[in-house]
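>>> sequence first, predicted model second:
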Amino acid sequence: VDAGAKQVEIKIGDYGMESVVVTDNGSGISPEHYQAATLRHYTSKLQSFNDLASVLSYGFRGEALNSLCSVSDVVITTRTKDQSAATELTYDHMGQLLSQKPTAHRVGTSVTFSNLFSNLPVRREEFHRHSKKEFTRLQEVLQSYALIRSDVRFTVSHTTKAGKMRKML
């Protein structure tokens, strides 16, 4: 939303146990930010200390993406309006860029995280036990964002393990 997106699509697989894909039609991530986009404490929104006084955003991408990297497999596909092709970026659990390759994608960004907590078996089992409850909390948060940002179209869908898809929002 901070990147000017007017559409945000969220696809949830098996209550988040399989994957979550968030796609927007914002401005995309510029190539000079690929390496650092998922690093802890990173933001492209601040250039100097004085910029802190004028932050009008929902947070810093680097913090969220680094946290996701530490507990899941993260792939980001992004394209800016100045690029003729998108780039698929794969990151390790430390937020370091492992690979990048050209791919097809509209202008904007897709963040896919899968195998949530696969490197933390006890936490994964706990999440599995409470996944439906956590899914309900996620729905509430997304509905709140949709109500607050009526200028942005939010689409949320869930696909069960059996392959049945249901639109949530």
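Cool, got the structure. Numbers count the residues shown, from 1 in each chain.

>>> ranges for the helices of this structure?
If you assign secondary structure with DSSP state H, the helices in the chain sit at 61-71, 121-129, 131-148.

>>> save the ones you listed as a markdown table, and put in mean pLDDT, distance to residue 20 and mean neighbour count too.
Quick note: C-beta positions are derived from backbone N, CA and C, even for glycine. Converted to a markdown table, the helices of the chain look like this (pLDDT from 0 to 100; distance: least, C-beta to C-beta, whole Å; neighbours: other C-beta atoms under 10 Å):
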| stretch | mean pLDDT | distance to residue 20 | mean neighbour count |
| --- | --- | --- | --- |
| helix 61-71 | 84 | 9 | 18 |
| helix 121-129 | 95 | 12 | 12 |
| helix 131-148 | 93 | 9 | 13 |
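
>>> helix 121-129 and the helix-or-strand element of the chain with minimal mean pLDDT, what's the angle between them?
Scoring the helices and strands of the chain by mean pLDDT, DSSP states H and E places helix 61-71 at the bottom, with a mean of 84. Angle, helix 61-71 to helix 121-129, by axes from the mean of the first three to the mean of the last three C-alpha atoms, to 10 degrees: 100 degrees.

>>> got any ranges where this structure has weak pLDDT?
Per-residue confidence of the chain (counting by pLDDT under 70) places the weak regions at 1-2, 41-62.

>>> residue 110 - how many residues pack around it?
19 (other C-beta atoms under 10 Å).

>>> distance check, it against residue 133.
As for residue 110, its distance to residue 133 is 27 Å (criterion: C-beta to C-beta, to the nearest Å).

>>> now swap in residue 155 and tell me
Looking at residue 155 against residue 133, where the rule is C-beta to C-beta, the gap reads 23 Å.

>>> residue 24 now?
When distance is defined by C-beta to C-beta, residue 24 is 27 Å away from residue 133.

>>> again with residue 11
20 Å.

>>> same thing with residue 77?
The span separating residue 77 from residue 133 equals 30 Å under the rule C-beta to C-beta.

>>> still on that earlier bit, want to throw the helices of the chain into CSV with distance to residue 5?
Shown next, in CSV, are these (distance: least, C-beta to C-beta, whole Å):
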stretch, distance to residue 5
helix 61-71, 13
helix 121-129, 28
helix 131-148, 12
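
>>> so which of those helices gets nearest residue 90?
Distance to residue 90, taken as C-beta to C-beta, is lowest for helix 61-71 among the helices of the chain, at 10.3 Å.

>>> against which helices or strands is that closest one packed?
Using 3 or more C-beta pairs under 8 Å, 6 or more residues apart in numbering; DSSP states H and E as the contact criterion, the secondary-structure elements in contact with helix 61-71 are strand 73-79, strand 108-114.
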